[in-house]
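Visitor: What follows is a predicted protein model with its sequence.
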Amino acid sequence: MAKKKQSGKTIAELVEYLKEHGLRVHLVGDPQVIINAVNTLEGAKQGEITFLANRKYIKMINQTQASAIILPETVSAPERLVQIKVDDSYYAICLVIILLHGWRKHPFSGISESVQIDPKAKIGKNATIADNVTICEEVTIGDNAVIYPGCFIGPRCKIGDNLLLYPNVTVYDDTIIGNNVTIHAGTVIGEDGFGYATHKGIHHKIPQIGNVIIEDDVEIGANCTIDRASIGSTVIGKGTKFSNLIAIGHGTQIGPHCLLVAQVGIAGSTKMGHHVTMAGQVGVVGHITIGDNVTIGAKSGVINNVDSDQTILGAPAMPIQETKRQILMISKLSDMRDQLKALQRRLDKIEGERKNR
């Protein structure tokens with residue numbers, strides 16, 4: 001169900017808002033229709049706007065009860081719907097959701113009396129800090145921080161403006177976090193990397209003396225873990241977004257504007273370029289390099305370096321067309337087995353006839 005509305009807007013106001021954000025817009029229908037909320041194709045009703053971004057749902061346009069729809073320029077809807085045709089419908093609906101519904105309102109304000117802030121810590125203006133938060137010595141946090149209950153920020157962490165930490169986030173010592181960073185509940189930043197020296201059958205812990213650097217505009221999902229580096233820094237690049245349950249090994253370098261979907265695991269000292277997308281449950285070995293603009297399909301296992309501008313799939317991961325060929329071949333194995341058995345029977349028959357001559 002759509003989030004409770006903030007205020008209604010006319011179609012004309014929505015169109016102007018989208019144009020202000022650089023979208024190419026073509027309106028079909030009444031610009032004075034009032035829109036109060038955003039909803040799905042199947043859930044929308046009168047007074048609401050819906051959208052089409054994935055063409056596999058195109059048939060649902062005919063069933064929607066919405067008053068208006070945002071859709072790609074090349075797609076048309078029934079005349080009863082006001083149509084806002086744009087060059088990027090997914091981004092357009094993102095903007096409309098922000099305009100009509102706004103962002104989550106935090107359920108508390110000010111700084112709770114139960115917060116433990118070390119006297120040597122420095123907190124910027126307009127901080128909102130809930131119950132049972134611990135902020136250690138020599139921590140610096142910029143303006144407009146929002147910190148939910150149960151968070152821990154270790155010694156000497158340096159954090160920029162507009163920090164948002166959801167409940168029970170743990171940030172270990174010496175972590176550096178940029179501006180406009182959001183970290184969701186239960187995530188741990190800067191725990192010790194998995195580093196041991198095995199000598200005569202015994203695993204000896206290597207002190208993890210590095211740290212984690214999270215650059216500007218990063219969002220980290222719930223229950224993720226990002227190891228601190230053994231030496232140097234584990235880096236999460238500007239604008240990168242994580243889903244939930246993601247594990248990043250020590251010393252990994254993730255470039256800007258990457259997308260990592262749930263349950264991705266990356267071993268230590270991997271280097272990734274910009275705009276890398278990893279679908280769910282991708283596993284990556286350590287000490288390899290993944291280039292720019294790489295897309296890795298779900299459940300893939302990446303064991304070698306990957307050049308830029310590749311789409312790979314499978315375990316082990318390889319170029320997607322090669323993986324598709326292998327999958328197709330596997331699907332035909334039973335037929336191939338029957339064909340081989342038939343050939344063997346024919347061969348046996350021929351051999352038998354020769355012996356009987």
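Guide: Sure, I can see it.

Visitor: so who does residue 10 touch?
Guide: Shown in contact with residue 10 (Cβ atoms under 8 Å, 6 or more residues apart in numbering): 31, 32, 33, 34, 35. In short, each C-beta sits where N, CA and C put it, glycine included.

Visitor: If you tally nearby residues, what's the number for the residue nearest to the fourth one when sequence neighbours are not counted?
Guide: Among residues not flanking residue 34 along the chain, residue 8 sits closest, at 4.8 Å (Cβ to Cβ, 6 or more residues apart in numbering). When neighbours are counted by other Cβ atoms under 10 Å, residue 8 registers 13.

Visitor: and if you look at residue 125?
Guide: 9.

Visitor: What sits closest to it if chain neighbours are left out?
Guide: Nearest residue to residue 125, sequence neighbours excluded (Cβ to Cβ, 6+ apart): residue 143, at 4.6 Å.

Visitor: these two touch, right, that neighbour and residue 124?
Guide: Yes: between residue 143 and residue 124 there is a contact at 3.8 Å, judged by Cβ atoms under 8 Å.

Visitor: Need the overlap of contacts for those two.
Guide: Among the neighbours of residue 143, those also in contact with residue 124 (Cβ under 8 Å, 6+ apart) are residue 161.

Visitor: give me phi/psi at the residue nearest to residue 125?
Guide: As for residue 143, its main-chain torsions (degrees, to the nearest 10) stand at phi -80, psi 160.

Visitor: sorry, back to before: what residues are up against the residue nearest to residue 34?
Guide: Contacts for residue 8 (Cβ under 8 Å, 6+ apart) come out as 34, 35, 36, 47, 100.

Visitor: Kindly report the same for residue 182.
Guide: 164, 166, 218, 219, 220.

Visitor: per-residue confidence for it?
Guide: Per-residue pLDDT puts residue 182 at 98.

Visitor: Look up how far residue 342 lies from it.
Guide: Remark: distance between residue 182 and residue 342 (Cβ to Cβ, to the nearest Å) = 62 Å.

Visitor: What is the nearest of the contacts of residue 8 to residue 25?
Guide: When those are ranked by distance to residue 25 (Cβ to Cβ), residue 35 comes first, at 14.6 Å.

Visitor: host element of the closest residue to the closest one other than its chain neighbours?
Guide: With Cβ to Cβ, 6+ apart as the measure, residue 49 is the residue that lies nearest to residue 35, at 4.7 Å, once sequence neighbours are left out. When secondary structure is defined by DSSP states H and E, residue 49 falls within strand 48-51.

Visitor: Show me how far that strand is from its chain's centre.
Guide: Here the centre of mass of C-alpha atoms in strand 48-51, compared against the chain's by Cα atoms, centre = their mean, to the nearest Å, lies 24 Å away.

Visitor: Repeat that for stretch 105-113.
Guide: Averaging C-alpha coordinates over stretch 105-113 and over its chain gives two centres that are 28 Å apart (Cα atoms, centre = their mean).

Visitor: Repeat that for stretch 245-261.
Guide: Taking mean C-alpha positions (Cα atoms, centre = their mean), stretch 245-261 and its chain are 10 Å apart.

Visitor: circling back to that earlier point, for the residue nearest to residue 35, the count of nearby residues, please.
Guide: Residues near residue 49, counting by other Cβ under 10 Å, number 27.

Visitor: Same check on residue 85?
Guide: The burial metric for residue 85, expressed as a neighbour count using other Cβ under 10 Å, is 20.

Visitor: Doesn't it lie inside a strand?
Guide: Yes: following the definition DSSP: H, G, I helix; E, B strand; the rest coil, residue 85 is counted among the residues of a strand.

Visitor: Identify the bridge partners of it.
Guide: Beta-bridge partners for residue 85, by DSSP bridges, are residue 26, residue 71.
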